[in-house]
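K.L.:
here's a sequence, model it:
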Amino acid sequence: MKRLTVTHFPSTLKHDAWLGLCCLPALMLIFFVGYYLDRMQTASIVASGAITLAYGANKTWESSSLLLLLATAVGVTVSTWLGSLAGNVMPLYIFGSMLYAGLYAMLASIQSGLWWALLQCAIAWLVAGYFAGSPLHAAERAALVGIGGLLQIVCLVLLFSKIRFQLQDVTRHNWADIFQHARQRYRQKIHIGWSVFFAMAAMGIALWMVERHAVGNGYWAGMTLLLCLRNDFRQSVRRVPARILGTLLGSLTATLLLTFLHTPLMLATGLTVAGYVAFTASYTLSTRSYFIFTFLVTVTVIFLMSSLGLPQHNVAINRVISTTTGGLFALCAIVLARMMTDFHVMKKLRQRAARLPDAARSFRRRDTGNREER
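P.N.:
Numbering: from 1, shown residues only. Model prediction:
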């Protein structure tokens, strides 16, 4: 990503603010219909799909924003449905979360747009698992999330004319080409393998621990783990404390603000404002100050959970515990993957170095034999 200069920053800020404003009509329409029909909790589920797509309004896949947003909407819908079903069987839920973590780590070095889409699908799975129910309940919840995502796409297409919504170069790369590109170098291949292994192991252990000790909001552990796993070692390490501190401050701030939001309409207004600030800031702020970005996202998520009718006044400690657990396991996975990659690379280099004297002696023997024959 190019570093923003002083002269470039105002235009970028204006672009982000306008793009964020184009995401607001979907939220406003959702809550207006929900308030009119007296179904604010249902409207909040629909809004969760719209907010998810709003965070990706500035991203592309294969030069197409529409392709990425449509793929994300479908993926989040399916993941919500599957997660709501798998949440009834905790071992199945944890195993599915491990698969998401492994695939997420595998795609980390390939394509950022597709990587982001998979992250949203994984988060949808993690959250939906804690709202498990019957197949009908799962289908209804997934449909509501999908409706919110599609509504957000329609609003962006109609309102933001500068965004690149075109279906071109869709089939330029197939899956075989993508993974072949990721495995070109030996070190990268080894690092991907160990990253997948430790990401899956960390996800399984983290979710098992929060479930074993009955820590509320356990899905925050899995979310934090995924959000801290980046394809850059130093960036990953820096994200862990920023994520923990941002979640702590955001939880305390949101809990304090909730004391002033007494009605569903006020809560919906607070969620809309917090969501706008969060996803507008995410377009550039997530790479510049991850602590502030995490703070804003935490406030938005807590408002969203409160609008679903879930009490949020006494869960700040559990949320911080889950976040800390996920962050620490993410740090362990990052460090161990780096260590094992370096170990195997050095081992391969030593093996090659050990073969050099034998190859040299063999060459000298052949050279001497050829001269004797002559």
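K.L.:
which residues are contacting stretch 248-264?
P.N.:
Applying Cβ atoms under 8 Å, 6 or more residues apart in numbering, the external contacts of stretch 248-264 come out as 35, 40, 266-267, 270, 294-299, 302-303, 306-307, 312-313, 316, 319-320, 323. For every residue, glycine as well, the C-beta is placed using N, CA and C.
K.L.:
emit the PyMOL select command for whichever of those are buried.
P.N.:
The PyMOL command for the buried members of the contacts of stretch 248-264 (criterion: 16 or more other Cβ atoms under 10 Å) is given here:
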select buried, resi 40+267+270+294+295+296+297+298+299+302+303+306+307+312+316+319+320+323
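K.L.:
tell me the centre residue of the chain?
P.N.:
Geometric centre of the chain, nearest residue: residue 119, 3.1 Å, by Cα atoms, centre = their mean.
K.L.:
quick check: that one touching residue 228?
P.N.:
No - counting by Cβ atoms under 8 Å, residue 228 is not a contact partner of residue 119; they are 11.4 Å apart.
K.L.:
hmm, back to that, give me the element the residue nearest to the centre of the chain is part of.
P.N.:
helix 112-128 (DSSP states H and E).
K.L.:
how about that helix, which residues are buried there?
P.N.:
113-128.
K.L.:
please apply the same query to stretch 218-235.
P.N.:
Buried, per 16+ other Cβ under 10 Å, within stretch 218-235: 218-231.
K.L.:
ok, back up a step: following the helix holding residue 119, which helix or strand comes up?
P.N.:
Following helix 112-128 in sequence, per DSSP H and E, is helix 135-159.
K.L.:
what's that following helix packed up against?
P.N.:
helix 8-36, helix 40-55, helix 65-86, helix 112-128 (3 or more Cβ pairs under 8 Å, 6 or more residues apart in numbering; DSSP states H and E).
K.L.:
looking at these, which is closest to residue 97?
P.N.:
With Cβ to Cβ as the criterion, residue 97 lies closest to helix 112-128 of the helices and strands packed on helix 135-159, at 6.2 Å.
K.L.:
need the CA coordinates for that closest one. CSV is fine.
P.N.:
What follows is helix 112-128, C-alpha atoms only, in CSV (Å, rounded to 0.1, in the frame of the first residue of the first chain):
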residue,chain,number,x,y,z
SER,A,112,-5.7,-9.7,-0.2
GLY,A,113,-9.2,-9.3,-1.6
LEU,A,114,-10.0,-12.9,-1.5
TRP,A,115,-8.3,-13.2,1.9
TRP,A,116,-10.5,-10.4,3.3
ALA,A,117,-13.6,-12.2,2.0
LEU,A,118,-12.6,-15.5,3.6
LEU,A,119,-12.0,-13.6,6.9
GLN,A,120,-15.6,-12.3,6.8
CYS,A,121,-16.9,-15.8,6.2
ALA,A,122,-14.9,-17.1,9.1
ILE,A,123,-16.2,-14.4,11.4
ALA,A,124,-19.8,-15.1,10.3
TRP,A,125,-19.2,-18.8,11.2
LEU,A,126,-17.7,-18.0,14.6
VAL,A,127,-20.5,-15.7,15.6
ALA,A,128,-23.3,-17.8,14.2
